[in-house]
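Q: Fold the stuff below for me.
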Amino acid sequence: MSKSIAQILKMKGSDVWSIAPDAKIYDALALMAEKNVGALVVMEAGRLIGLFTERDHSRKVDLCGLCSQRDTVRQAMSEDVYYVTPQSSVDEAMAIVTETRNRHLPVMENGKLAGLASIGDLVKASLDEKDFVIKQLTQYIKGDI
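A: Below you'll find the model as predicted:
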């Protein structure tokens with residue numbers, strides 16, 4: 001049975017860094033650097049309206065001629081946001097990130113932001129689970145169980 005997103009959030013915490021859509025892109029980059037994160041949730045009036053990621057910056061700001069100190073997060077953010085719930089499995093979340101090529105999935109519960117799961121979180125949880133199964137099978141084969 002695959003771990004749930006709730007289990008990942010319990011281990012890593014549910015802190016999520018957010019920014020307003022009308023903030024300058026430069027401010028988003030500074031916050032990302034300060035918090036050592038690759039994505040910010042874009043919130044407006046308490047509602048999730050997008051994500052701003054390092055990928056958004058490289059593809060939409062640098063390549064499209066936006067200015068980080070002049071232009072806003074709204075102009076560069078990703079508006080098509082895929083999300084999971086705490087009850088979603090790691091396997092379900094991995095399928096979403098693989099299919100959509102998104103590296104970050106907001107975790108929504110009852111219409112509210114409950115956390116953020118990154119592809120790194122999902123890979124780690126998947127590897128931990130596989131390591132556990134391998135150890136169990138090795139013990140079984142050796143007759144240690």
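Q: At which residues are the helices of the chain located?
A: Applying DSSP state H to the chain gives helices spanning 5-12, 25-35, 54-56, 73-76, 90-100, 119-142.
Q: Show me how far the fourth one is from its chain's centre.
A: It stands for helix 73-76. Relative to its chain's centre, helix 73-76 lies at 18 Å (CA atoms, centre = their mean, to the nearest Å).
Q: Please determine how far the residue most central in space within the chain is located from residue 82.
A: Nearest residue to the geometric centre of the chain (CA atoms, centre = their mean): residue 104, 2.6 Å. For residue 104, the distance to residue 82 equals 9 Å [CB to CB, to the nearest Å]. Placement of C-beta: from N, CA and C, glycine included.
Q: go on, residue 123?
A: Going from residue 123 to residue 82 by CB to CB gives 17 Å.
Q: do residue 6 as well
A: For residue 6 relative to residue 82 (CB to CB), the value is 18 Å.
Q: Please apply the same query to residue 114.
A: For residue 114 relative to residue 82 (CB to CB), the value is 15 Å.
Q: between the two, who's got more neighbours?
A: residue 114 (18 against 15; other CB atoms under 10 Å).
Q: list the contacts for the residue nearest to the more buried one when sequence neighbours are not counted?
A: Counting by CB to CB, 6 or more residues apart in numbering, residue 114 lies nearest to residue 107, which is 4.6 Å off, once chain neighbours are set aside. Contact analysis of residue 107 by CB atoms under 8 Å, 6 or more residues apart in numbering lists 5, 9, 14, 83-86, 88, 113-117.
Q: Give the bridge partners for residue 107, please.
A: residue 84, residue 115 (DSSP bridges).
Q: And it, how close does it get to residue 21?
A: From residue 107 to residue 21 the distance is 20 Å (CB to CB).
Q: do the same with residue 141
A: Residue 141 is 55 Å from residue 21, by CB to CB.
Q: and the two? which has more neighbours close in?
A: residue 21 (17 against 9).
Q: before we move on, back to that, just the pLDDT for the residue nearest to the centre of the chain.
A: Per-residue pLDDT puts residue 104 at 95.
Q: still on that earlier bit, out of the helices of the chain, nearest to residue 48?
A: Closest to residue 48 of those, according to CB to CB: helix 73-76, at 13.2 Å.
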